[in-house]
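Colleague: What would the 3D arrangement of this be:
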Amino acid sequence: MAKEVHYSDYLQLDKILNAQRLESDLENCHAHDEMLFIIIHQAYELWFKQILFEIDSIAAIMGKPAINDNSPDLQMVVHRLNRIVTILKVAVHQIDIMETMTSMDFLDFRNLLRPASGFQSWQFKLTEAKLGLKYTERHGQEYYISQLRSEHIELIKKTEEQPSLLDLLDAWLKRMPFFRNEKYWEDYQAVQPVMEGRHPFWSDYTRIYDKSLQDNERYNLRAFEKVFFDDTDENRRLSPGACQAALFIILYRGYPLLHLPFELLNALLEIDEQLSTWRYRHMNMVHRMIGMRTGTGGSSGKAYLKGALDKHYIFRELAALTSFLIERRSLPTLPSSLEKRLGFAAVG
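Modeller: Numbering: from 1, shown residues only. Take a look at the predicted model:
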């Protein structure tokens, strides 16, 4: 006989529904809105757990030596990235619920929470690290792990030593065969004399891009050269080869085989956008609640959150590629051999 599973037991509701301990009740000064405050933050931590679960599964797929871009593997990566995006949208909207609590409602129990702080959310820091935010890129490094428990500090440090999703993205893009396989370009018709040491496609693209710039955009050509052809910058996160592949995917996403790769890149940008939106909403909510006062954990409150908002863009190099787009009608015509490779029938 199959084991019977009860709804309450399966969800362990006894644990969950009895996990709200109001500090104001313990101090005999009941604050009604403390229940809302606890439940919202518990919900955040559950969503962070799900996001970490999805990131680990995505990393396992992208860490494979090779991924067939026309396979279920890539479809699963895109699907799970989009799930993370949707979860982050829910996280943003939860702030709407939090904002039903007024400043005076919060003051009823705020001082009872010290030194507890959202800054102690090790799951959120772990999420940022797994996505690709490096310690050296963080705002407020002196506070980063100062309030975490030793086991969480060790976990985050171990995570920072492993390839992040951004690292795996770089490796995946560099494996793209567009410019590594010369046979795809045997019948390419260059429209300009080929620049010395440059692939014919990129030679043409460089000149077309150059002509597309306005007089006050001339500096962009230097940035173009740096992003796509300069591998001397050790601080960059996406290599020139990866940037070339990503731009090519964006430019020619109309080809069937590039649909999923483009959706993958777009989902990563959406993750950054939703994280940024969440930080912005959080910053404004904190300012509305406590003004310019310090956070319960000792941070500078709104000032810290603004610094993190301005600095913590994980996929900013990917987002910056839009600076180097040209109009569709000006795109170089791809050779027939490569067009066939990018069709639905492409294999290998």
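Colleague: Going by C-alpha atoms from here, please, whenever you check contacts or count neighbours.
Modeller: Fine.
Colleague: Could you measure from residue 247 over to residue 240?
Modeller: 11 Å (Cα to Cα, to the nearest Å).
Colleague: Would you map the helices across the stretch 101-250 of the chain?
Modeller: 103-107, 122-131, 150-160, 165-174, 200-212, 219-229, 240-251 (DSSP state H, counting those that start in this stretch).
Colleague: If you drop the residues flanking it in sequence, what lies closest to residue 108?
Modeller: Of all residues beyond its chain neighbours, the one nearest residue 108 is residue 31 (5.7 Å), with distances taken as Cα to Cα, 6 or more residues apart in numbering.
Colleague: Residue 81 too?
Modeller: residue 267 (6.0 Å).
Colleague: Give the other helices and strands that the helix or strand containing that neighbour contacts.
Modeller: Residue 267 belongs to helix 259-290 when elements are defined using DSSP states H and E. Counting contacts by 3 or more Cα pairs under 8 Å, 6 or more residues apart in numbering; DSSP states H and E, helix 259-290 packs against helix 72-98, helix 103-107, helix 240-251, helix 302-311, helix 316-319.
Colleague: just how off-centre is it within its chain?
Modeller: 8 Å (Cα atoms, centre = their mean, to the nearest Å).
Colleague: The helices and strands packed on helix 259-290: lowest mean pLDDT?
Modeller: The weakest mean pLDDT among those belongs to helix 302-311, with a mean of 68.
Colleague: hmm, back to that, tell me the most buried of the helices and strands packed on helix 259-290?
Modeller: Across the helices and strands packed on helix 259-290, the average number of neighbours (mean count of other Cα atoms under 10 Å) peaks for helix 240-251, which reaches a mean of 20.
Colleague: Would you mind pulling the contact partners of it?
Modeller: Applying Cα atoms under 8 Å, 6 or more residues apart in numbering, the contact partners of helix 240-251 are 170-174, 176, 178, 227-231, 258, 261-262, 265, 318, 321, 325, 328, 331.
Colleague: one step back: quick one: which of the helices of the stretch 101-250 of the chain is nearest residue 285?
Modeller: Judged by Cα to Cα, the one of those that comes nearest to residue 285 is helix 103-107, at 9.9 Å.
Colleague: okay, the closest one in CSV with CA atoms only?
Modeller: This file holds the C-alpha atoms of helix 103-107, laid out as CSV (Å, rounded to 0.1, in the frame of the first residue of the first chain):
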residue,chain,number,x,y,z
SER,A,103,7.2,54.5,10.0
MET,A,104,5.4,54.7,13.3
ASP,A,105,4.3,51.1,13.0
PHE,A,106,7.9,50.1,12.4
LEU,A,107,9.2,52.2,15.4
